[in-house]
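Chemist: coordinates only, sequence not included:
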DNA sequence: TTGACTATCCAAAGCGCTTTGACTGACATG
DNA sequence: CATGTCAGTCAAAGCGCTTTGGATAGTCAA
C-alpha cells in the first residue's frame, strides 16, 4: 500500500492525502479524519526512503562506534547510552544508524554518512583531547553533539559531558581525608579526553596537599577487567604498595578487587577502592549499600540529554552550540576505609 | 556532487556514469576508468536514499533491541555481537539500523521496519521459546536470521545458536564428577529459549545420576550482577547450602563470587562456580588461566556468522533456511574444585 | 554492398514521496 | 454586478538514482 493507491482508494489526490497525514492546515478536518482512518485501516506507512529523498531529511541519526583494534570490542557503555537516546529519537520519528569503524578510520565514516545523505545528525562518541572529527563535522555542516569534550578544541561546538576532573578531584580528596597517601590511579586511555581530565583532577587534589603523583602508581589502558586485575596485582607487589585505588570504570574495578582478594587483603580494610560508576543496567553498584564507593553519573541519562540536544540542533540549524556539564555524585560504599597504619 | 553534475562534468550521460560505477559491462574500459577517476577526484558518493528508492533495496540490516523494562538496559552482549557482524555488513555495503523497543512492542517494530522499507533483512535477538516474531517475519517475507532458536516453533527458519543444553549438561557433569551433589542453577529468564535449554541440560545431567533438581537451588532472572549476588547469598544462608553454582553469564557469576567471598568462602574451595562465558571484549575470562571454569562461546563470532548467513539469504531469496549450531567449549579455570567434605 | 552483430552510449521513465503553483467554488464586499 | 478573499483541492515537477528500450557507429561475413 503506497500513497498512490491510498489516494486512489479515497478518490483524492496524492497531495491532499499527504497533507492530511502530515498535519498541514490546507485540508478540511472532515477530509483529514477520513484519510487518517483509511490509512489506519489499510495499514499505510510512508516509505522512509522516498520521504527522505523528497524532503532532503534522512530522519536518522548516526552513531559511529570505533572498535578498539586491541580488544575488538565496542565500548560497553554504548548500550546504555543508546537505551537512553533511543526513545527520544523514536518519539521524534528518527531512526538510528550505526556505523562501526576500526580505530582511526572514523573520519572517512563521517564523510560517507554525510555525503550519502544517510543521517541528519551525529553523536560523536569517545572524543580525544585533540579530535579532528569536530572541525570536520563543522566543515561538513552536519549537526552534531559530542558525548564528552575535546580539551584542545578551541572553536565552539555542542557537547554534553560530566565533570570528570571535579569528580576525580573529590574522590582523591576523600581518600586523602581517610589518611591514604599512596593512591594508585587505574585510568582509561589518556589520549581520551575523559581520562585526561580525570588524571588532572587526581593530580590537582594531590598537589593541593603537597603530594607528588607517583608514576609507578599510575596506569592508563583500555578499561577491561583484566587490565584492572593486572595493574593492581603488580602494584600490590611493590615494596611500597598503594593503600587505595582510584579506578575509571566498574569493570576495571572488579578486576582490581580480584587482585586485592588474591593478595589476601580485604576491600575497604587493607585496600580501598573508588571507581567511576556509569550506572549501567546490568552492573548496578549495589542497591541500598553501594558495593564500591564511587563517582556516579548515569550514562543512560547522558544519552537522553544528548539526543534531545541533537534534535534541537537539527530543528534549529542556525542556533548557538549548546553545552551541558553534569556533576557526578560521590556515593560512599563499603570499598573505602581509613588507611591502614603502616 | 551528484550523478547529474558528475555526468555533465564528464560529458557523459547519467546512464553511462551509473553503469561505469556499478560495474556493468556495457561501457568501455577506457570510459570506466575515466569515470572512476573523476568520481574519486570529485569525491562523489551516491545518495543512499535515492539509490535504494530506485533499486527497491534498502541496503540496510535491522536489529531490533528489546529494552528490558525492569532494568532499562540493552543486553550487554549486543555490543560484541554487532562488532562481529559489523565488518561483514559494511564490506557488503550494508548499513545497520537499530530500533529500540520496550519489551513486547517488538512486533510492531518489525512491521514498521518492513513497511517503511527501511531494511532488507533482520537479525532476531533474544528469541523466546514460543516467539511470534518468527511466523510474523515469515509472513512479511522479510529475510531474517534468529540468533538463538525458538523451541516451540515448528516451521522452518534460519538460525544460529550454540548448543546450550549440551554445554550445561557437560558443565553439570563436570561438577558431579568433582563430587558436588548440591548444585545451584543461577539461570537467565526461562521464557528465553537459551535459558530454557540450559536448564534442560542441567536437569538431564542430574537425572542421569539419579539426582532430583532442587527447586530451592534454582533461580531465573535477568542476568545482572546484583541478581547473582542476591541469589547466591540467599542460597548460602540455607541450612543445606549448595557447594557449587552453575551460572548463566560472567556478569552474574561476578555477583555470585561476591556473595561467596562475603560468606567467608573461597572460590574453588568452599564453593565452586561454572559460568557461561560469551567471551566479551571488556570482560575476558582471564588470559592463561581462566578466572572461572566456563562454557565458552564467542558472541562476536556468532555475530560474524549470523551476518554472513543473513546476507546469503538476502542474495538468494528462494533459498532453504540455513542453520548453524556451535558447540561451547568447556574451559577449566580456578573456580572449581572438589566438593568440600560435609 | 548488404545485413547482422557488437560495442558503446543516451533519453526518458520510474521508484514513492513532498511541495509549488494554480484552479475552483463559495462567500463577502463595495 | 463586478471584484476580492479564502478554504479546499489538484496536476505536475522534482528529489537522485537505476533501468528499459532504443540509437549510432563500427566490424565482419556473405
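Modeler: The structure has been received and is ready for your questions. The structure displayed is predicted, hence computed values, not measured ones.
Chemist: C-alpha from now on. contacts and neighbour counts both.
Modeler: Will do.
Chemist: and residue A:291, that one's in a strand?
Modeler: No: checked against DSSP: H, G, I helix; E, B strand; the rest coil, residue A:291 lies outside a strand; its state is coil.
Chemist: Cross-check the contact I'm expecting between it and residue A:336.
Modeler: No: the pair residue A:291 / residue A:336 is not scored as a contact, 9.8 Å apart, by C-alpha atoms under 8 Å.
Chemist: between these two, which one's more packed in?
Modeler: Using other C-alpha atoms under 10 Å in any protein chain shown as the criterion, residue A:291 and residue A:336 rank with residue A:336 on top: 24 against 19.
Chemist: what's the pLDDT at whichever residue of the stretch 151-300 of chain A sits closest to DNA strand C?
Modeler: Closest contact between the stretch 151-300 of chain A and DNA strand C, by C-alpha to the nearest atom of the strand, is at residue A:158 (26.5 Å). At residue A:158, the pLDDT value in this model is 97.
Chemist: List the contacts of it.
Modeler: Residue A:158 sits next to A:144-146, A:321-323 when contact means C-alpha atoms under 8 Å, 6 or more residues apart in numbering or on different chains.
Chemist: any chance you could map the strands in the stretch 201-342 of chain A?
Modeler: Applying DSSP state E, counting those that start in this stretch to the stretch 201-342 of chain A gives strands spanning A:218-220, A:244-247, A:272-277, A:293-296, A:323-326, A:329-331.
Chemist: For residue B:50, find the nearest of these.
Modeler: Of all the strands of the stretch 201-342 of chain A, strand A:323-326 sits nearest to residue B:50, with 34.8 Å by C-alpha to C-alpha.
Chemist: ok, the closest one: who's next to it in the sheet?
Modeler: strand A:159-162 (parallel) (DSSP bridges).
Chemist: right, and the helix or strand after the strand it pairs with?
Modeler: Downstream of strand A:159-162, the first helix or strand assigned by DSSP states H and E is helix A:164-177.
Chemist: For the very next helix or strand once past that next one, give me every contacting residue.
Modeler: Helices and strands here follow DSSP H and E; after helix A:164-177, the next one along the chain is strand A:183-187. Residues outside strand A:183-187 that contact it (C-alpha under 8 Å, 6+ apart): A:175, A:195, A:198-199, A:202, A:217-221, A:223, A:228, A:231, A:242-248.
Chemist: Narrow the residues you listed to those that are buried.
Modeler: If you count burial by 16 or more other C-alpha atoms under 10 Å in any protein chain shown, the buried members of the contacts of strand A:183-187 come out as A:175, A:195, A:198-199, A:202, A:217-220, A:223, A:228, A:231, A:242-248.
Chemist: just to revisit the earlier point, contacting chain B as well, which ones from the contacts of strand A:183-187?
Modeler: Near chain B, judged by C-alpha under 8 Å from any C-alpha of the partner chain, the entries from the contacts of strand A:183-187 are residue A:223.
Chemist: Which residues belonging to stretch A:29-36 are considered buried?
Modeler: A:32, A:35-36.
Chemist: What distance do you get for residue A:201 to residue A:276?
Modeler: 13 Å (C-alpha to C-alpha, to the nearest Å).
Chemist: Equivalent analysis for residue A:309, please.
Modeler: Distance from residue A:309 to residue A:276, by C-alpha to C-alpha: 25 Å.
Chemist: Those two: who's more crowded?
Modeler: The residue with more neighbours, out of residue A:309 and residue A:276, is residue A:276; 27 against 21, by other C-alpha under 10 Å.
Chemist: Do stretch A:127-144 and chain B come into contact?
Modeler: No: using C-alpha under 8 Å from any C-alpha, stretch A:127-144 never reaches chain B; the gap is at least 13.2 Å.
Chemist: gap between the two ends of that stretch?
Modeler: Note: stretch A:127-144 ends 13 Å apart using C-alpha to C-alpha.
Chemist: same thing with stretch A:117-137?
Modeler: Using C-alpha to C-alpha, the end-to-end distance of stretch A:117-137 comes to 14 Å.
Chemist: got the phi/psi numbers for residue A:155?
Modeler: In terms of degrees, to the nearest 10, the main-chain angles of residue A:155 are phi -70, psi 170.
Chemist: So what's the residue count around it?
Modeler: Residues lying near residue A:155 (other C-alpha under 10 Å) number 8.
Chemist: Next: residue A:327.
Modeler: A count of nearby residues for residue A:327, using other C-alpha under 10 Å, gives 16.
Chemist: now do the one 10 residues further on
Modeler: Other residues near residue A:337 number 21, with proximity taken as other C-alpha under 10 Å.
Chemist: Now do the contacts for it.
Modeler: Per C-alpha under 8 Å, 6+ apart, neighbours of residue A:337: A:178, A:268-269, A:271-272.
Chemist: any idea how far it lies from residue A:267?
Modeler: 8 Å.
Chemist: Tell me where the stretch 201-342 of chain A is predicted with low confidence.
Modeler: The model of the stretch 201-342 of chain A has pLDDT under 70 over residues A:342.
Chemist: which stretches of it form helices?
Modeler: Along the stretch 201-342 of chain A, the stretches classed as helices by DSSP state H, counting those that start in this stretch are A:225-236, A:250-262, A:299-315.
Chemist: so of the ones you listed, which one's packed in deepest?
Modeler: Ranked by mean neighbour count, these are led by helix A:250-262 with a mean of 23 (mean count of other C-alpha atoms under 10 Å in any protein chain shown).
Chemist: If you count contacts, what does it end up packed against?
Modeler: Contacts defined by 3 or more C-alpha pairs under 8 Å, 6 or more residues apart in numbering or on different chains; DSSP states H and E place helix A:250-262 against helix A:225-236, strand A:272-277.
Chemist: Now render these as TSV, adding distance to residue B:328.
Modeler: Shown next, in TSV, are the helices and strands packed on helix A:250-262 (distance: least, C-alpha to C-alpha, whole Å):
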stretch	distance to residue B:328
helix A:225-236	22
strand A:272-277	32
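Chemist: Count the neighbours of residue A:237 for me.
Modeler: Quick note: residue A:237 (other C-alpha under 10 Å) scores 11 neighbours.
Chemist: Would you mind listing the residues in contact with the closest residue to residue A:25 other than its chain neighbours?
Modeler: Computed as C-alpha to C-alpha, 6 or more residues apart in numbering or on different chains, the closest residue to residue A:25 that is not its neighbour in sequence is residue A:19, at 7.9 Å. Taking C-alpha under 8 Å, 6+ apart, we find residue A:19 in contact with A:25-27.
Chemist: Show me the one in the residues you listed that has more neighbours than the rest.
Modeler: Top of these by neighbour count (other C-alpha under 10 Å): residue A:27, with 14 neighbours.
Chemist: hang on, it packs against residue A:13?
Modeler: No: taking contacts as C-alpha under 8 Å, residue A:27 lies outside contact range of residue A:13: 11.8 Å.
Chemist: didn't residue A:308 look like it was pressed against residue A:88?
Modeler: Yes: using C-alpha under 8 Å, residue A:308 is in contact with residue A:88, at 6.6 Å.
Chemist: contacting residues around the residue lying closest to residue A:266 once chain neighbours are set aside?
Modeler: Nearest residue to residue A:266 in three dimensions, chain neighbours excluded: residue A:260, at 6.8 Å (C-alpha to C-alpha, 6+ apart). The contact partners of residue A:260, by C-alpha under 8 Å, 6+ apart, come to A:232-233, A:236, A:266-267, A:271.
Chemist: Would you mind giving the residues you listed as CSV with distance to residue B:151 added?
Modeler: Output for the contacts of residue A:260, formatted as CSV (distance: C-alpha to C-alpha, whole Å):
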residue, distance to residue B:151
A:232, 45
A:233, 45
A:236, 50
A:266, 46
A:267, 44
A:271, 49
